[in-house]
Each structure stands twice: as structure tokens, then as C-alpha cells.
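Asks: sequence unavailable; structure follows:
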């Protein structure tokens, strides 16, 4: 079984890149387009800028287009989101993502850091 998994590592990485980029772009679509949300965020706000990074960056990551810079920017946005909106510099219980609800922000940050380091891989427009 491990040999079989080894033989499909390029495809599973591509699926991770595609799925995470797609899901990330939906967060931007909520903020920018108001899809599946109660409304759009105010134009020019920090959330609006983040929404564009999520929408455009997520699509680029999903398609494998300008993958490294898009993933680096998206991962940085998620690191800022975690520090600013979840952790808020508070120690004690608020330090832990399970308490401050920052699991997704941290997970996206590390996934996109990995994508930025590894590159687009298989099934990408960058190839």
C-alpha cells in the first residue's frame, strides 16, 4: 500500500493545491461578490483587500497560475488573519487555535507556505 501511495504523490499534491485554492477562493467570493453571505464587505477596507487576495489568489493557486507568489501572498494573509483576528497577542488559553477558532487560518497559512515552497506541481498552468 505504501508503494501505491508513493506512486501517486504528485497527483495527491495537485489535488491538495486545487482543493485548497478552490475553497480559499470561496472565502473571497463571499467578501467581494456577496456569494453565500449576507452581503459584501466595504470597498477599501482591510477585509475587502483580504477578499481580493482570497478570490484571486485562490483561483491562481487552484489553476496553478503564478502559483508561488499567489501562495506566498495568501499564506501571509492567513498568518496576519490569525495573529490579528484570532490570537490577538493574548497568552494563556487564547494562544491555542482550538480556543481562538484560528485553526483554518493557520492551516491555510501552512498549506500555502508549502505550496509556495514546492511550486505548482502537476496539472498546473505554470507548467
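Replies: Great, that's in hand. Values in this document were obtained by computation on a predicted structure and should not be read as measured data. Numbering: from 1, shown residues only.
Asks: what about the residue nearest to residue 82 when sequence neighbours are not counted, which SS state?
Replies: Among residues not flanking residue 82 along the chain, residue 105 sits closest, at 4.0 Å (Cβ to Cβ, 6 or more residues apart in numbering). All C-beta atoms are positioned from the backbone trio N, CA, C, and that covers glycine. What DSSP: H, G, I helix; E, B strand; the rest coil gives for residue 105 is helix.
Asks: tell me who's in contact with residue 105.
Replies: The neighbours of residue 105, taking Cβ atoms under 8 Å, 6 or more residues apart in numbering as the test, are 78, 79, 81, 82, 85, 86, 97.
Asks: what of residue 126?
Replies: Per Cβ under 8 Å, 6+ apart, neighbours of residue 126: 64, 65, 66, 67, 119, 120.
Asks: again, 6 Å this time
Replies: 64, 67, 120 (Cβ atoms under 6 Å, 6 or more residues apart in numbering).
Asks: now swap in residue 87 and tell me
Replies: residue 100.
Asks: any idea how far residue 111 is from it?
Replies: 18 Å (Cβ to Cβ, to the nearest Å).
Asks: residue 49 versus the spatially most central residue of the chain, what's the distance?
Replies: Nearest to the mean C-alpha position of the chain, counting by Cα atoms, centre = their mean, stands residue 108 at 4.2 Å. Per Cβ to Cβ, residue 108 is found 16 Å from residue 49.
Asks: same check, this time on residue 89
Replies: For residue 89, the distance to residue 49 - Cβ to Cβ - is 21 Å.
Asks: ok, these two, which is more surrounded?
Replies: Per other Cβ atoms under 10 Å, whichever of residue 89 and residue 49 has more neighbours is residue 49, with 14 against 8.
Asks: got the confidence number for the more buried one?
Replies: On the pLDDT scale, residue 49 is placed at 98.
Asks: and the helix or strand hosting it, what does it pack onto?
Replies: If you go by DSSP states H and E, residue 49 is part of helix 46-63. Judged by 3 or more Cβ pairs under 6 Å, 6 or more residues apart in numbering; DSSP states H and E, helix 46-63 is in contact with helix 9-33, helix 67-81.
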